[in-house]
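Visitor: pasting a predicted model and its sequence here:
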Amino acid sequence: MTAHPTVIPFKIRIPRGLKEAIALLNEIGGESRLVGGCVRDALLGNEPSDFDVEVYGLEIEAIVEALRKTGRTDLVGKSFAVVKFWTQGAEYDFTVPRTECKSGTGHRGFEVQADPNLEPEVALKRRDFTINALQYDPNKGVVIDYFGGRDDLEKGILRHVSKAFSEDPLRALRAIQFAGRFGLLLDPSTAQLCREMKREYSSLAIERVWGEWCKWSTKSIFPSKGLIALRDSGWISFFPEINSLVRLPQDPEWHPEGDVFIHTLHCLDAVVDSPEWQDYADHKRSVLIFSVLCHDLGKARCTRFAEKRGKLRWISPGHDQESGWLSESFLTRIGTPLGIQEKVRKLVENHHYLNSFPDSKPSDASLRRLSRRINPATTEELHQVMLADHQGRPPLISEAQEKRLVEFKARIAELELKDSAPKALLRGRHLIEHGRKPGPEFKPILDRAYEAQLDGAFEDVGGALDWVRSQSLF
């Protein structure tokens, strides 16, 4: 903590509706400052999207009355001193400075006391990390930094603001997503506070746990840094499937990068580095990140030192299938939506698909059956996972595997399998149109026809009907 804040001339572009609201508050004696993420993001060169405003010198009722002149308001509990404000299609939070006093266990065990005359430095002490304790004075055009947040951003450090950090156990998980989003390493003193908070992990609601893991999976630019923060904080012990990868050995000829945990870190950063990543929706990002995170979980159960190709090596046969149920176990405990869990398990269990064809190419029928087997995940998603797995072994690159991946991508596009499994060409209505009455025998006929379609026996409805006739099924 500094005795006097560092003041940095800086320009943040503020939306017109928010400017007007701040001007109204200024007119009645308020002093408004932007706080938190919007200031952090602007300093990083990113366009701020979420604006939070802390207002000094005004009671909450006066803030509500003033803001109503230019937009819609909602007071989110007077004790929390938060006003939701909507204007010109945007939402903003206005707050009165406040202190928080620990009154119970868990994330919500606090008593909040609003005080419009509170000193800014005191108000900011309740924030979690220095990078989130920055203020911006829109009237003077300066960033105000009481705790060295700008320096921490520049040095790549995630550091707590005060000892009050340890009063909220959720902050240990927030460290994961902030480290991943901004490429930060956890300060040793902050890591120590996280370790001291471990006894309160059980007090966290599963929805809160998932909320932080979700942000890590969708917003990270260096997801590996989030996993490193998880390890350094000691909270990795709550996720034994991941913890078991640390120091788990691999064959150094095939994995020169190190143990399974290190390999996983490289794979995570590789999937985010793909050219397509920026275009993916959050759901798909979560599916890919968690598939890559979980793809080798089974190695903890399968790894042994045994002879292979005439030499003793670390091997892990069958780890892809073991990784499937382990991924489900982990994802269930952190509250992952079922739609993501299902896709992740299918991708994890099939991430060694190409290794079944080391000296040949998969047939069209094999690729079609693969697309059905991993449904509702897609072969395009599987390609991303396999590619990340391959790229997670620096400096080793296998030209043969690269070629197989390129060919796989081309083949699934050619067979129109990128986004879904083939739809069944033959339907019950086709049988009815050719004189068959609906009945229990329809399903086995349609199932057989679909299997034949996957084998390439026909490519259209006419061909399907010819096949049915050839099998004497009419």
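Guide: Structure's in. What do you need?

Visitor: where does pLDDT dip in the protein?
Guide: Scanning the chain for pLDDT under 70 picks out 1-3, 77-80, 100-111.

Visitor: hmm, 50 instead?
Guide: Low-confidence segments of the chain (pLDDT under 50): 1-2, 107.

Visitor: strands of this structure, start to end?
Guide: Applying DSSP state E to the chain gives strands spanning 6-9, 31-35, 52-56, 72-75, 82-87, 90-95, 98-102, 110-114, 134-137, 142-145, 157-158, 185-186, 304-308, 311-315.

Visitor: can I get the ones you listed in CSV with distance to Val272?
Guide: In short, each C-beta sits where N, CA and C put it, glycine included. Listed next are the strands of the chain as CSV, based on distance: least, C-beta to C-beta, whole Å:
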stretch, distance to Val272
strand 6-9, 30
strand 31-35, 29
strand 52-56, 27
strand 72-75, 36
strand 82-87, 33
strand 90-95, 28
strand 98-102, 35
strand 110-114, 35
strand 134-137, 26
strand 142-145, 29
strand 157-158, 18
strand 185-186, 17
strand 304-308, 32
strand 311-315, 28
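
Visitor: can you verify my assumption that Leu112 contacts Val76?
Guide: No Leu there; residue 112 is Val. No: if you go by C-beta atoms under 8 Å, Val112 and Val76 don't touch, sitting 11.4 Å apart.

Visitor: in a markdown table, list the strands of the chain along with mean neighbour count.
Guide: Listed next are the strands of the chain as a markdown table, based on neighbours: other C-beta atoms under 10 Å:
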| stretch | mean neighbour count |
| --- | --- |
| strand 6-9 | 12 |
| strand 31-35 | 22 |
| strand 52-56 | 22 |
| strand 72-75 | 14 |
| strand 82-87 | 19 |
| strand 90-95 | 19 |
| strand 98-102 | 15 |
| strand 110-114 | 15 |
| strand 134-137 | 24 |
| strand 142-145 | 21 |
| strand 157-158 | 24 |
| strand 185-186 | 22 |
| strand 304-308 | 10 |
| strand 311-315 | 14 |
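
Visitor: which one of those lies closest to Lys284?
Guide: strand 90-95 (25.8 Å; C-beta to C-beta).

Visitor: relative to strand 82-87, how tilted is the closest one?
Guide: With axes from the mean of the first three to the mean of the last three C-alpha atoms, to 10 degrees defining the directions, strand 90-95 sits at 150 degrees from strand 82-87.

Visitor: quick one: contacts of strand 90-95?
Guide: Applying C-beta atoms under 8 Å, 6 or more residues apart in numbering, the contact partners of strand 90-95 are 15, 17-18, 21, 32, 51-55, 63, 67, 81-86.

Visitor: buried residues in stretch 61-70?
Guide: 62-64, 66-67, 70 (16 or more other C-beta atoms under 10 Å).

Visitor: in a markdown table, list the residues you listed along with distance to Glu119.
Guide: Shown next, in a markdown table, are the buried residues of stretch 61-70 (distance: C-beta to C-beta, whole Å):
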| residue | distance to Glu119 |
| --- | --- |
| Ala62 | 20 |
| Ile63 | 19 |
| Val64 | 24 |
| Ala66 | 23 |
| Leu67 | 24 |
| Thr70 | 29 |
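
Visitor: from those, which land in helices?
Guide: Among the buried residues of stretch 61-70, DSSP state H puts 62-64, 66-67 in helices.

Visitor: residues making contact with stretch 31-48?
Guide: Identification of contacts with stretch 31-48 by C-beta under 8 Å, 6+ apart yields 10, 12-14, 22, 25-26, 49-57, 94, 120, 124, 127, 131-138, 143-144, 149-150, 153, 182.

Visitor: for burial, what's the neighbour tally of Arg181?
Guide: 19 (other C-beta atoms under 10 Å).

Visitor: that should have said Ala123, apologies.
Guide: When neighbours are defined as other C-beta under 10 Å, Ala123 has 23 of them.

Visitor: how near is it to Ser162?
Guide: Note on Ala123: its distance to Ser162, by C-beta to C-beta, to the nearest Å, is 12 Å.

Visitor: equivalent analysis for Ile8, please.
Guide: In terms of C-beta to C-beta, Ile8 sits 21 Å off from Ser162.
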